[in-house]
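Undergrad: sequence isn't available, so here's the structure alone:
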C-alpha cells in the first residue's frame, strides 16, 4: 500500500463529504427558515455515520449546530 496515495484518497473523500454535506445542510436550513418551520434560535442535533462495509468500519459522530 502506498501511504501517500492512501492518505490523499481519504482526504479527497472527506473533503467531498464535508463540502457536499455543508451545502445540503445550508440549503435545507434556509428552506425551513423561509417557511417558518424552524426558528433562527434553533440548535440542531446532528449525526453522521461513516460506513465502509468491506473493512467492517462503522464510525458515528454527533454534535450540535447552532443557527444563531
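TA: Right, received. Where do you want to start? Since the model is a prediction, treat every value here as computed from it, not as a measurement.

Undergrad: quick one: the strands in the chain, in order.
TA: 43-52, 57-66 (DSSP state E).

Undergrad: of all those, which one is nearest residue 26?
TA: strand 57-66 (10.3 Å; CB to CB). Yep, even glycine has a C-beta here, placed from its N, CA and C like the rest.

Undergrad: elements contacting the closest one?
TA: Contact partners of strand 57-66 among helices and strands, from 3 or more CB pairs under 8 Å, 6 or more residues apart in numbering; DSSP states H and E: strand 43-52.

Undergrad: report the separation between the residue sitting nearest the centre point of the chain and residue 5.
TA: Closest to where the C-alpha atoms of the chain average out (CA atoms, centre = their mean) is residue 21, at 4.4 Å. With distances taken as CB to CB, to the nearest Å, residue 21 is found 24 Å from residue 5.

Undergrad: then residue 68?
TA: Distance from residue 68 to residue 5, by CB to CB: 42 Å.

Undergrad: with residue 42 instead?
TA: Taken as CB to CB, the span from residue 42 to residue 5 is 41 Å.

Undergrad: burial of residue 28, as a residue count?
TA: As a burial measure, residue 28 scores 13 neighbours (other CB atoms under 10 Å).

Undergrad: for residue 30, see how far away residue 66 is.
TA: 16 Å.

Undergrad: what of residue 16?
TA: According to CB to CB, residue 16 and residue 30 sit 22 Å apart.

Undergrad: just residue 42 next, same as before
TA: 13 Å.

Undergrad: looking at those two, which has the bigger crowd around it?
TA: For residue 42 versus residue 30, neighbours defined as other CB under 10 Å are more numerous around residue 42 (16 against 9).

Undergrad: contact partners for the closest residue to that one other than its chain neighbours?
TA: Using CB to CB, 6 or more residues apart in numbering and skipping the chain neighbours, the partner closest in space to residue 42 is residue 67 (4.9 Å). Residues in contact with residue 67, defined by CB atoms under 8 Å, 6 or more residues apart in numbering, are 29, 33, 38, 39, 40, 41, 42, 43, 44.

Undergrad: can we see that at 7 Å?
TA: 29, 40, 41, 42 (CB atoms under 7 Å, 6 or more residues apart in numbering).

Undergrad: noted, bye for now.
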